[in-house]
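*Asks:* Fold the stuff below for me.
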Amino acid sequence: VRELGVLARQSELKAPFVEELAADIFMGSFTPKFPKAARVAAELLVGTFYERYYAIDYAALRNLAIIETSDGLNRSYGARTSPGFAKLCVERATRVTRTASRAGSWSVAANGMVIEQAQILTTHNLAVLVRYVGVAPDWRDLAGRAFTTVCRLTARVHGNPSPRDK
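*Replies:* Residues are numbered from 1 along each chain as shown. A predicted model of the protein is given here:
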């Protein structure tokens, strides 16, 4: 992803590629690239199955990205983090696990759930590739091939004993 960012800068694409985050060192904040990438996803995926499946309010996400970007422009030094995006990811992770998050609590598992929500909201760079680079695969074909692979791999385990059966 870092190299994609370098190539994008060299070609003056200004594509907001988001980096891979490690759950064990994640400190609960996201750079401003994250809401920018989420805005790209929102513009591409509003009204789609992806939005419904992941229960994303892309209109609200797009507005959050616009507000945080404009707030960063009003500062002389620019924004270093995106508190609104971080808060949204924590709320989504908490909703998914149906547990109340304790203020100030930290764990690798909790961090992983927050990072997972950031990846879902940004499509982990796929929307940026589509919008800025022009990647346009045949999505129907890819979905069909993925389904075929899942069926093939699932059929392989049919009849295999589970660890409980031994």
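*Asks:* which residues touch Glu68?
*Replies:* Glu68 is in contact with Pro32, Pro35, Ala79, Ser82, Gly84, Phe85, counting by C-beta atoms under 8 Å, 6 or more residues apart in numbering. Heads up, the C-betas are built off the backbone N, CA and C, glycines and all.
*Asks:* Also Gly28?
*Replies:* Contact partners of Gly28, counting by C-beta under 8 Å, 6+ apart, are Ala86, Val90, Trp106, Asn111, Val114.
*Asks:* what's the neighbour count on the nearest residue to Ala15 once chain neighbours are set aside?
*Replies:* Spatial nearest neighbour of Ala15, chain neighbours left out: Tyr132 (3.7 Å); criterion: C-beta to C-beta, 6 or more residues apart in numbering. Residues lying near Tyr132 (other C-beta atoms under 10 Å) number 18.
*Asks:* The one 5 residues further on too?
*Replies:* Applying other C-beta under 10 Å, we find 10 other residues in the vicinity of Pro137.
*Asks:* Kindly report the same for the one 5 residues further on.
*Replies:* In terms of burial, Leu142 registers 10 neighbours under the definition other C-beta under 10 Å.
*Asks:* any idea how far Ala60 is from it?
*Replies:* 29 Å (C-beta to C-beta, to the nearest Å).
*Asks:* picking that back up, most neighbours among the contacts of Gly28, which one?
*Replies:* Val114 (22 neighbours).
*Asks:* any idea how far Val135 is from that residue?
*Replies:* Going from Val114 to Val135 by C-beta to C-beta gives 27 Å.
*Asks:* Kindly report the same for Glu43.
*Replies:* Glu43 is 15 Å from Val135, by C-beta to C-beta.
*Asks:* Mind telling me what element the residue nearest to Arg62 when sequence neighbours are not counted is part of?
*Replies:* Nearest non-adjacent residue to Arg62, counting by C-beta to C-beta, 6+ apart: Ala42, 4.2 Å away. Mapping Ala42 onto the secondary structure by DSSP states H and E places it in helix 33-45.
*Asks:* which parts of that helix are buried?
*Replies:* For helix 33-45, the neighbour count (16 or more other C-beta atoms under 10 Å) marks Lys33, Phe34, Pro35, Lys36, Ala37, Ala38, Arg39, Val40, Ala41, Ala42, Leu44, Leu45 as buried.
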